[in-house]
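> coordinates only, sequence not included:
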């Protein structure tokens with residue numbers, strides 16, 4: 001049989017085959033309860049002297065767990081080591097390889113079990129995170145990885161109290177933030193507060209899903225008066241999918257659709273060796289945020305293709321550090337559905 005694949009495409013497939021083992025024969029554990037963090041989005045200019053910030057999700061009030069500026073919570077996660085220099089875009093696998101990888105990840109994700117999650121329950125996620133203890137806009141000063149637990153309400157109607165965080169030996173309520181003197185308005189389930197039921201309602205066709213996300217992102221940016229010059233639809237779509245994959249319980253069909261949708265975003269590539277905050281090596285699906293000056297990679301186990309965590313690192317020198325500096329890293333340790341705040345899977349009756 002003649003191989004009708006072009007030379008470059010064939011080389012990409014062969015490279016991906018060397019990076020990955022054969023597809024897993026067993027299903028992943030039921031439920032893909034993935035990690036979420038409030039991402040600091042610094043927009044750094046060519047000189048690296050000016051930075052502005054924006055968040056995709058609405059602000060939450062979190063005392064001491066992050067840096068609150070003007071009613072908005074900014075948190076960065078980071079950890080690195082002397083022998084963990086990230087790969088650069090020049091050494092990453094070509095986009096076709098990323099598409100093949102994401103298709104395989106989608107296939108595995110689709111085989112996990114769907115769950116019945118009620119309005120009265122909570123998504124529980126336990127992670128390792130390492131925070132940036134440096135000054136805002138200055139060089140990254142990395143702290144040691146610390147354990148964090150979060151409980152997120154699954155109520156479909158508008159809520160002000162979104163959940164609870166346990167970190168540094170204390171509990172912090174997650175509350176919708178508002179300017180002083182204004183009445184808080186609750187957020188319903190949606191892109192800004194993704195519940196299991198809402199996620200299950202999303203289109204499972206990848207192109208329709210991208211259009212749905214683009215519409216909600218645009219509406220959110222319009223409401224925040226985000227300048228047109230600060231909008232990048234492709235990067236916004238990648239960031240939105242990353243947000244949806246982190247601190248949620250992901251329905252199997254939705255997870256598969258999100259991964260297939262990510263494969264349609266220009267600029268998505270592969271990091272062949274990415275390390276999460278727990279020190280686990282995996283393969284990363286990455287994209288460069290050229291405006292901000294860093295690359296973000298979702299990390300997956302190379303054998304099971306299970307989501308492990310995320311990392312970001314600088315792709316050029318800036319006020320935050322030298323090119324290659326890891327600026328964020330996380331690792332999912334445990335994920336479940338529980339019936340009450342502060343309840344843990346190990347103590348659930």
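That came through, no problem. What you are looking at is a predicted structure, and each value in this text was computed from that prediction instead of being measured.
> okay, CA-based contacts and neighbour counts for the rest of this
Will do.
> In terms of helix, strand or coil, where does the closest residue in space to residue 184 that isn't next to it in sequence fall?
Leaving out its chain neighbours, the residue that sits closest to residue 184 by C-alpha to C-alpha, 6 or more residues apart in numbering is residue 178, at 5.8 Å. Assigned by DSSP: H, G, I helix; E, B strand; the rest coil, the conformation of residue 178 is coil.
> any residues touching the biggest helix by length in the chain, and which ones?
Ranked by number of residues, the top helix in the chain under DSSP state H is helix 206-223. For helix 206-223, contacts defined as C-alpha atoms under 8 Å, 6 or more residues apart in numbering pick out 56, 191, 202-203, 233, 236-237, 240, 257-258, 260-261.
> got JSON lines for those residues, with secondary structure, distance to residue 123 and pLDDT too?
Formatted as JSON lines, the contacts of helix 206-223 follow (DSSP: H, G, I helix; E, B strand; the rest coil; distance: C-alpha to C-alpha, whole Å; pLDDT from 0 to 100):
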{"residue": "56", "secondary structure": "coil", "distance to residue 123": "20", "pLDDT": "33"}
{"residue": "191", "secondary structure": "coil", "distance to residue 123": "16", "pLDDT": "91"}
{"residue": "202", "secondary structure": "coil", "distance to residue 123": "19", "pLDDT": "97"}
{"residue": "203", "secondary structure": "coil", "distance to residue 123": "22", "pLDDT": "97"}
{"residue": "233", "secondary structure": "helix", "distance to residue 123": "29", "pLDDT": "94"}
{"residue": "236", "secondary structure": "helix", "distance to residue 123": "25", "pLDDT": "96"}
{"residue": "237", "secondary structure": "helix", "distance to residue 123": "24", "pLDDT": "96"}
{"residue": "240", "secondary structure": "helix", "distance to residue 123": "19", "pLDDT": "96"}
{"residue": "257", "secondary structure": "helix", "distance to residue 123": "21", "pLDDT": "98"}
{"residue": "258", "secondary structure": "helix", "distance to residue 123": "19", "pLDDT": "98"}
{"residue": "260", "secondary structure": "helix", "distance to residue 123": "24", "pLDDT": "96"}
{"residue": "261", "secondary structure": "helix", "distance to residue 123": "24", "pLDDT": "96"}
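> Can you flag the buried ones in these?
56, 191, 202-203, 236-237, 240, 257-258, 260-261 (16 or more other C-alpha atoms under 10 Å).
> got any ranges where the stretch 201-349 of the chain has weak pLDDT?
Judged by pLDDT under 70, the stretch 201-349 of the chain has its weakly predicted residues at 348-349.
> mind listing the helices for it?
206-223, 233-246, 252-262 (DSSP state H, counting those that start in this stretch).
> now the angle from the longest one to helix 233-246?
If I follow you right, that is helix 206-223. Interaxial angle, helix 206-223 versus helix 233-246 (axes from the mean of the first three to the mean of the last three C-alpha atoms, to 10 degrees): 100 degrees.
> same question, the shortest one
With the same axes, to 10 degrees as the criterion, the two stretches helix 252-262 and helix 233-246 enclose an angle of 150 degrees.
> Please determine how far the residue nearest to residue 268 when sequence neighbours are not counted is located from residue 251.
Among residues not flanking residue 268 along the chain, residue 287 sits closest, at 4.8 Å (C-alpha to C-alpha, 6+ apart). In this view, residue 287 and residue 251 are 24 Å apart by C-alpha to C-alpha, to the nearest Å.
> Please apply the same query to residue 306.
14 Å.
> cool, residue 336 as well?
Applying C-alpha to C-alpha to residue 336 and residue 251 gives a distance of 13 Å.
> what about those two, which has more around it?
Using other C-alpha atoms under 10 Å as the criterion, residue 336 and residue 251 rank with residue 251 on top: 25 against 20.
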